[in-house]
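Trainee: make a model of this:
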Amino acid sequence: MKQLRNALTHLLNGLAGLSFLAMVVLTCWQVVTRYLLQNPSSWSEELVSYLFAWMALLGASLVTSERGHMNIPVIVERMPGGLKMAFSIFAELVAFAFSAVILVFGGVQITSLAMGQMTSSLGVAIGVFYIVLPLCGVLNMVYTAMNIYDIVKGNIPVLPTSEEDSLVDNLKKEEA
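Mentor: Modelled structure (predicted):
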């Protein structure tokens with residue numbers, strides 16, 4: 001399980017990084033064509049916007065892998081251990097359901113509808129760029145399933161911890 005998580009995370013980090021690098025290069029190209037060549041490149045601007053969406057969704061899947069999405073643990077952290085675990089699993093199940101319904105089901109629907117429409121500058125079916133929705137939905141579902149498994153097995157903490165919490169805990173241990 002840990003090997004699959006590490007492989008997926010490594011792949012997503014690479015794809016998000018490549019997307020960011022391509023955005024930087026294409027944005028620099030836009031500046032060169034607009035101000036030096038006096039002939040703006042419209043296709044690069046359009047591609048950058050699609051790459052940004054891909055990078056954001058791939059990044060959201062990475063955050064799902066780390067259980068780093070926004071949460072408000074004020075009530076849950078005051079509960080007994082078994083109830084904390086139940087709420088943590090419930091939160092993962094909600095994320096799983098969201099990914100299944102909105103990203104996968106809805107993503108497949110919108111992708112298939114958009115395959116008939118072409119982008120204005122690139123001349124590529126818009127659905128090609130929307131494929132990231134169901135792809136990230138499946139990735140999120142895999143990550144939430146792995147998170148549930150790890151919560152049950154005790155491999156990860158019941159409540160996600162921030163770096164600040166970890167630093168505070170380390171300071172408290174040093175003082176004691």
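
Trainee: list the buried residues of the helix or strand containing Leu133.
Mentor: Here Leu133, judged by DSSP states H and E, is contained in helix 132-153. Within helix 132-153, the residues that qualify as buried by neighbour count (16 or more other Cβ atoms under 10 Å) are 132-144, 146-148, 150-151. Using the backbone N, CA and C atoms, a C-beta is placed for each residue, glycine as well.

Trainee: same deal with stretch 74-82?
Mentor: For stretch 74-82, burial by neighbour count (16+ other Cβ under 10 Å) applies to Val76.

Trainee: residue ranges in the protein under the pLDDT threshold?
Mentor: Judged against pLDDT under 70, the low-scoring parts of the chain cover residues 159-176.

Trainee: count the neighbours of Leu58 for me.
Mentor: Using other Cβ atoms under 10 Å, Leu58 is surrounded by 23 other residues.

Trainee: wait, doesn't it sit right on Leu133?
Mentor: No. Using Cβ atoms under 8 Å, Leu58 is not in contact with Leu133, being 11.4 Å away.

Trainee: quick one: the helix or strand harbouring Leu57 to chain centroid distance?
Mentor: Mapping Leu57 onto the secondary structure by DSSP H and E places it in helix 42-65. The chain centroid and the centroid of helix 42-65 are separated by 10 Å, computed with Cα atoms, centre = their mean, to the nearest Å.

Trainee: can you list contacts of that helix?
Mentor: Residues from elsewhere that reach helix 42-65, judged by Cβ atoms under 8 Å, 6 or more residues apart in numbering: 5, 8-9, 12-13, 15-16, 19-20, 22-23, 26-27, 29-30, 33, 69, 95, 99, 119-122, 129, 132-133, 136, 139-140, 143-144, 146-147.

Trainee: try 6 Å this time
Mentor: 9, 12, 15-16, 19-20, 22-23, 26-27, 29-30, 69, 119, 121-122, 129, 132, 136, 139-140, 143 (Cβ atoms under 6 Å, 6 or more residues apart in numbering).

Trainee: for stretch 23-40, same thing?
Mentor: Counting by Cβ under 6 Å, 6+ apart, stretch 23-40 makes contact with Ser41, Ser44, Glu45, Leu47, Val48, Leu51, all of which sit outside it.

Trainee: now the residues you listed as CSV including distance to Arg78 and neighbour count?
Mentor: Written out in CSV, the entries for the contacts of stretch 23-40 read as follows (distance: Cβ to Cβ, whole Å; neighbours: other Cβ atoms under 10 Å):
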residue, distance to Arg78, neighbour count
Ser41, 56, 17
Ser44, 52, 20
Glu45, 50, 16
Leu47, 49, 21
Val48, 46, 19
Leu51, 43, 19
